[in-house]
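I'll drop the sequence and a predicted model, then ask my questions.
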Amino acid sequence: MRGLLGAALVLIMAALPVTAASLEEGPYGPAPTQSRQRLAPCLACHGEKGQSEQPEVPSLGAQPTFYVMVQLYMFRERLRTVEIMNTMTQGLTDDDLRSMADVIAQLPPPHPVEAPGDPARLERARTLIQQNRCNFCHNPDFSGAQQVPRLAGQREDYLVKALREYKNNTRRGYDPAMAEVLYAISDEQLLDLAYFLARFQ
Amino acid sequence: MPIIQPQPTAVPGRPDIPNAEVATQLRGVPPPPFPMPEDKLPIPQLKLPKGFKIEVYASGIANARSLRLGDKGTVFVSNRQLDKVYAIVDRHGKREVKVISSGLDRPNGLAFHNGTLYIAEGAQISKLEKIEDNLDNPPKPVVIYSDFLNHQSHGWKFMGLGPDNKLYVNVGSPCNICEPPETNGQIRRISLDGSSADVVARGVRNSVGFDWHPVTKELYFTDNGRDWLSEDLPEDELNRVTKIGQHFGFPYCHQGTFADRELGWGRSCTEFEKPVALLGPHSAALGMRFYTGTMFPPEYRNAIFIARHGSWNRTKKIGGDIVVAKLNKDGSVKSWEPFLTGFLQNNEYIGRPVDVQVMKDGSLLVSDDHAGAVYRVTYASNKVAKR
């Protein structure tokens, strides 16, 4: 492991040991050993099977490669400010970002919330999605593409956090598409959107 | 620097929603964060009229956006997606690219005056004095003006130095289509010390390029039309300001010919200034300069070169080229036609032109934020162009 990782990260790793070997067993094919080792501390929080168990930490499984690479880049360049991510990505080369994104994109997709949802909330979300064309960029199955993230099965608390940050201008997008869409969406509405997407099968 | 508060706006949607098969062809086209290696740049695919040729001027400039020329020949290049301003230094034909400022917020706009480089970020304008003498040890930018709302949508700025030695800057509409706040949807001019400002043009959705006629000194500017209306409407505009404070129609009237289907009720296009040219639907007409050089043939003198970044909100992409608009004596547009093409291949971009800059020798620089490069177009009458 690289010496540049901070003490906090070492502690996280100690608490949640993920070894290179456990990644190797994943169903999504082998990745270069070096990338797997480097990703171990990332997946300690984000979930080694693509599904995060940590509050407000996104699941990364089946995210589009380009989206992951761009976010890693924005963290490294401090275009997006999340202290732990800014620290984690310091010193990574462009090729590191590319190869890490390749491996992350191959993690299996996260499982949506299984419990049946409130039909009224789900219906309100469907209407919002149609009005705001969410499915145009994120795909009809919300699998994402290119710079646009996968939303299906994402953690509800993370979706709320991300939407609020885009809306109040504290999270910068690579392009302003989300700020543009959220301009006319209320906090109550974005809660419905997150509720729906976390349950999307 | 207050944050823009959400306000009621037209919710797009309803009858104009295309079917699911074409919908995903309408998403934005992101530039790669990494520049293309020089040997992968799309030079072999690019096409120009006979006698012109194009070469790489500088490569390795991620997200290369606006161009400005310093008094001593330095070419400054800005970023929009990223956070840097670059200087390209030509020392005896060997070019070097330096980062002169970083950690900036969408520093798209650049202007140069009397040795000082002015940088327009998302919500402020700053300056770097005597920059060409200090390229290896550039000073930190000093803020001169910050009376802007801070917003992501159309929050980046284009900037230029007017014939009155004032900084002209676009203050974009913070939305695709909405009634913008009073402070937005305009081109503003600001004194060089930032102490005073007034509005030059209103009803502007988002201008990312303007320049002044070399003879009449009138301001011409490009304006990007709204999205999500249809494949073919509205077209982007080329406008001319003949009187300070004129209104160019947004959000009520598009392309000078039709009222917006939501915000245009009760309004008429006759209330507003009409464009002098329509530049294609969603084509993203951005940077433009009058050609003041002498290297190109005489018919290009005082014509306007306009970079069309290329559409995203259209299934069959258009633009991704440099066009040239030739003017009549009265300042109206006689005609416009493609000049540099080939960035769009099989409905995909292999490069996307953003801005142009006329050099002292009359050659024309072109920036490309997709490939991360600056190209140079030259003309030689006695040679047949290679491409």
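Okay, I see it. Numbers count the residues shown, from 1 in each chain, chains lettered A, B, ... in the order given.

any idea which element A:L122 lies in?
Using DSSP states H and E, A:L122 sits in helix A:119-132.

okay, helices next: where are they in chain A?
A:7-15, A:20-24, A:33-46, A:65-76, A:83-88, A:94-105, A:119-132, A:134-138, A:156-167, A:177-182, A:187-198 (DSSP state H).

go on, chain B?
B:20-23.

closest residue of it to chain A?
Chain A sits closest to B:Q152 of chain B, with a gap of 3.4 Å, by CB to the nearest CB. Every residue, glycine included, has its C-beta placed from N, CA and C.

surely that residue meets A:T170?
No: counting by CB atoms under 8 Å, B:Q152 stays clear of A:T170, with 10.7 Å between them.

out of the two, which sits in the more crowded spot?
B:Q152 (23 against 10; other CB atoms under 10 Å in any protein chain shown).

quick check: pLDDT value at that one.
The confidence metric pLDDT takes the value 88 at B:Q152.

if I pick it, what's in contact with it?
A:Y166, A:N169, A:R172, A:G173, A:P176, A:M178, A:A179, A:E180, B:P174 (CB atoms under 8 Å, 6 or more residues apart in numbering or on different chains).

reformat the residues you listed as CSV; add pLDDT and neighbour count.
Below are the contacts of B:Q152 laid out as CSV (pLDDT from 0 to 100; neighbours: other CB atoms under 10 Å in any protein chain shown):
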residue, pLDDT, neighbour count
A:Y166, 93, 23
A:N169, 86, 17
A:R172, 88, 20
A:G173, 89, 20
A:P176, 88, 21
A:M178, 92, 22
A:A179, 87, 23
A:E180, 85, 23
B:P174, 90, 27
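
how near is the residue lying closest to B:P30 once chain neighbours are set aside to B:N206?
Distances taken as CB to CB, 6 or more residues apart in numbering or on different chains place A:Q147 nearest to B:P30, at 4.0 Å, with adjacent residues excluded. Distance of A:Q147 to B:N206, given as CB to CB, to the nearest Å: 20 Å.

okay, now B:D330: neighbour count?
Based on other CB under 10 Å, the number of other residues close to B:D330 is 6.

returning to what we had before: looking at A:Q147 and B:N206 now, which is surrounded by more residues?
Regarding A:Q147 and B:N206, a neighbour count based on other CB under 10 Å identifies B:N206 as having more, with 28 against 23.

surely that one touches B:C175?
No: applying CB under 8 Å, one finds B:N206 not in contact with B:C175, separated by 9.9 Å.

any shared contact partners between the two?
With CB under 8 Å, 6+ apart as the test, B:N206 and B:C175 both reach B:H154.

which residue is the nearest non-sequential neighbour of B:V75?
The shortest distance from B:V75 to any non-neighbouring residue, by CB to CB, 6+ apart, is to B:I88 (4.2 Å).

list the contacts of the one you found.
Contacts for B:I88 (CB under 8 Å, 6+ apart) come out as B:Y57, B:A58, B:I61, B:T74, B:V75, B:F76, B:V77, B:R95, B:E96, B:V97, B:V374.
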